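Engineer: what's the 3D shape of this:
(4 chains)
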Protein chains: 2
Amino acid sequence: MPTERPTIADVAERAGVSKGLVSFALNDRPGVAPQTRERILAAARELGWQPSLRARALSVNRAFALGLVITRDPEIITGDPFYPSFIAGVERELAPAGQALVLSVVPDEEAELAAYRKLVADRRVDGIFITDLRHDDARIALAEELGVPAVTLGRPEGPSPFPAVSMDDRAGIEAAVDHLVGLGHRSIAHVAGPARMLHGSRRRKAFEDAMARAGLRATMVVETDFRAADGARATRDLLARHEDPTAIVYANDPMAIAGLGFAQRAGLRVPEHLSITGFDGSDIAEHIYPALSTVATDAVSWGAVAARVLLQEIAGENPGDTDLPPARFVPRESTGRRPEPPTRRPRT
Amino acid sequence: MPTERPTIADVAERAGVSKGLVSFALNDRPGVAPQTRERILAAARELGWQPSLRARALSVNRAFALGLVITRDPEIITGDPFYPSFIAGVERELAPAGQALVLSVVPDEEAELAAYRKLVADRRVDGIFITDLRHDDARIALAEELGVPAVTLGRPEGPSPFPAVSMDDRAGIEAAVDHLVGLGHRSIAHVAGPARMLHGSRRRKAFEDAMARAGLRATMVVETDFRAADGARATRDLLARHEDPTAIVYANDPMAIAGLGFAQRAGLRVPEHLSITGFDGSDIAEHIYPALSTVATDAVSWGAVAARVLLQEIAGENPGDTDLPPARFVPRESTGRRPEPPTRRPRT
DNA sequence: CTGAAAGCGCTTACAG
DNA sequence: CTGAAAGCGCTTACAG
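Structural biologist: Prediction:
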């Protein structure tokens, strides 16, 4: 029963002191005689008193919680390998700090902004994570307007007052292209994420740069929405072209896996006829056949570091930007030597 | 600035009434003259007043939030198709109700119980979801002890005071087996989830029952931990046996996909040499090649209904148990006719 | 080193 | 229909 629960007044009474002193003793504030503190702590223990977070929250004007809102339609979220790991990393940092994570999942960008507003209007959180950064991301201005501490995953394009925690994904894409070029490929396509998303366009740019550096033209790029079905569709479109690619660099694993499926269904052998690379380093990628060459990111660390930075910011420190070790390319079975042009492969 | 924020006192002053009346007007309590209410609401609007959830929480002794703790090591969570969809469903119900979801992700069962205790000790939530039920699940007793409303996904074995929201998974497994038997298979194996988990052992039982009904012996069953790597390992073990199976029923999609990968790597063609079924209906399952025959569950609805039931329970209603439409088998390309015994396939 | 009191921003009997 | 006051359970100046 809720009423059974002892309060600070019960502890004070039992210890024969004022409520204020109990509070001081509990929070290790100076100015409590050692033996008095002992007496208080003992009384608290005997009563099984747990201070009310609710009351504390009202007094000190803090929520002791951080907010994450994920924008993704329920359908696509299933396959996303990023968030579950990211959240596990966040929790790793929050739990020991006595903080909680409040999570919102919304279907679109409009609902997303509303969710952030609601979260801070209700003062449910002391700070927010801003993930999946977009061009001209409205959330930066919103967070400023709301006056809520925030941390961004990656650096936004415009000016931002918030610390960024970044993990370079360019190097991984470039390594993938270099690897393919080293295997003799010259006709390399890219299945990109949405251009409005920073990591979508950044990976595409990395692809184009790497191609240019190799003296190749990046003519075969198709933009998608990061979903598995898009990966299959994009692969179909690419293979239907005249100058069909001998290798495809996908912007994430689900699309790469779906692309692999499409290619195989079309009668192509991977990597004999077509080489494929992904991005994420999802668990399943190494268990499919052929095992997917991909760019592995450490989403768990990303979550842990982002949480830590946000906590520091809330505590009034000035964490500044931090760069995590870059995502790295992991060659596996889905990439191989470029097929001989003439007898290359059956037409699809 | 936090201090700028108007409080109920500001609204009362501006409307020329007491704080109590403002509260009554806001909460649609009877006993406020229509024009007084108008005046109050107008004042609130003009000041941009948002009632403090924190203060309300302290007054009414409610958190306006629900708790979910997910027990899974960070590594395996990546591939799990269930939770993201489940959470999306939960949110669909919570957001309109002004409720929030607080999420904990913990690595093991010990941390799990601690997480629940902490969540309710801090009164961070008004009710909790109990997912991934186990045999003799300690969480039922814990929730009772803590006196916190709860909802279980599926019915626990022992007595439980909490409403259960169930989705029959037996029928899907049975349909998978029937389908395989119809295709001529007689040597069918099962890659099961952990026996300590209710859905792990229930799916296994469903498999065994279906086999018995078909007059077959379920001799080939290997237990796993539900992770993709286990699926590959179990497949290897099964194929190494003398009486190797012509079909394998996996307890989830990640294991089925990994099993497919292993079989293909071993030189088997699916479904010509080996038929395979999964469980989950994950997005990627239909994009791999061959497309995975699987049992589709509606995790989104499950989340929505569980949230609704929990909210009702918290409101003092007595929701009772509810049964969702059963998961259904979706045949695709990974299942086919049983191969001819003699020339069946290359040895692994 | 300690106490008494006010305050955080709401809600809710209790009177009138 | 409305007001004044107490209460939710803490924290924090302010005195002594």
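Engineer: So what touches stretch A:130-141?
Structural biologist: With contact meaning CB atoms under 8 Å, 6 or more residues apart in numbering or on different chains, stretch A:130-141 is reached by A:68, A:70-71, A:86, A:109, A:112-113, A:116, A:143, A:150-154, A:156-158, A:160, A:162, A:195-199, A:201. Bear in mind the C-beta positions are built from the backbone N, C-alpha and C, glycine included.
Engineer: Filter the residues you listed down to the ones in strands?
Structural biologist: A:Leu68, A:Ile70, A:Thr71, A:Ala150, A:Val151, A:Thr152, A:Leu153 (DSSP state E).
Engineer: Cross-check the contact I'm expecting between the fourth one and A:Val125.
Structural biologist: No. In this structure, A:Ala150 sits apart from A:Val125 without contact. The criterion is CB atoms under 8 Å, and the distance is 10.2 Å.
Engineer: Domains in chain A, by residue range?
Structural biologist: For chain A, the structural domains run A:2-51, A:65-168+A:299-326, A:170-296, going by automatic domain parsing.
Engineer: DNA strand D is nearest to which of those domains?
Structural biologist: Closest to DNA strand D of those, according to CB to the nearest atom of the strand: domain A:2-51, at 2.7 Å.
Engineer: Does that closest one reach DNA strand C?
Structural biologist: Yes. Counting by CB under 7 Å from any atom of the strand, DNA strand C has neighbours in domain A:2-51: A:Gly16, A:Val17, A:Ser18, A:Lys19, A:Gly20, A:Leu21, A:Phe24, A:Pro30, A:Gly31, A:Val32, A:Ala33, A:Thr36.
Engineer: and if you look at stretch A:62-82?
Structural biologist: No. Stretch A:62-82 is not in contact with DNA strand C by CB under 7 Å from any atom of the strand; minimum separation 11.5 Å.
Engineer: Work out the gap between that stretch and the centre of the chain.
Structural biologist: With CA atoms, centre = their mean, to the nearest Å as the basis, stretch A:62-82 stands 9 Å off its chain's centre.
Engineer: For that stretch, give the mean pLDDT please.
Structural biologist: For stretch A:62-82, mean pLDDT is 84.
Engineer: hang on, the earlier thing: among the contacts of stretch A:130-141, which ones are buried?
Structural biologist: When the contacts of stretch A:130-141 are checked for burial by 16 or more other CB atoms under 10 Å in any protein chain shown, the buried set is A:68, A:70-71, A:86, A:112-113, A:116, A:143, A:150-154, A:156, A:160, A:162, A:197-199, A:201.
Engineer: now the helices for the stretch 201-348 of chain A?
Structural biologist: Using DSSP state H, counting those that start in this stretch, the helices of the stretch 201-348 of chain A run over A:228-240, A:253-265, A:299-314.
Engineer: Please work out which of the ones you listed is packed deepest.
Structural biologist: Of all the helices of the stretch 201-348 of chain A, helix A:253-265 has the most neighbours on average by mean count of other CB atoms under 10 Å in any protein chain shown, namely a mean of 27.
Engineer: tell me the mean pLDDT for that helix?
Structural biologist: The model assigns helix A:253-265 a mean pLDDT of 97.
Engineer: now for that helix, which elements pack on it?
Structural biologist: strand A:188-192, helix A:228-240, strand A:247-250, strand A:275-277 (3 or more CB pairs under 8 Å, 6 or more residues apart in numbering or on different chains; DSSP states H and E).
Engineer: Output the ones you listed in JSON lines; the columns should cover distance to B:Ala9 and mean pLDDT.
Structural biologist: Listed next are the helices and strands packed on helix A:253-265 as JSON lines, based on distance: least, CB to CB, whole Å; pLDDT from 0 to 100:
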{"stretch": "strand A:188-192", "distance to B:Ala9": "54", "mean pLDDT": "98"}
{"stretch": "helix A:228-240", "distance to B:Ala9": "54", "mean pLDDT": "96"}
{"stretch": "strand A:247-250", "distance to B:Ala9": "58", "mean pLDDT": "98"}
{"stretch": "strand A:275-277", "distance to B:Ala9": "62", "mean pLDDT": "98"}
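Engineer: Right, I'll call it a day here.
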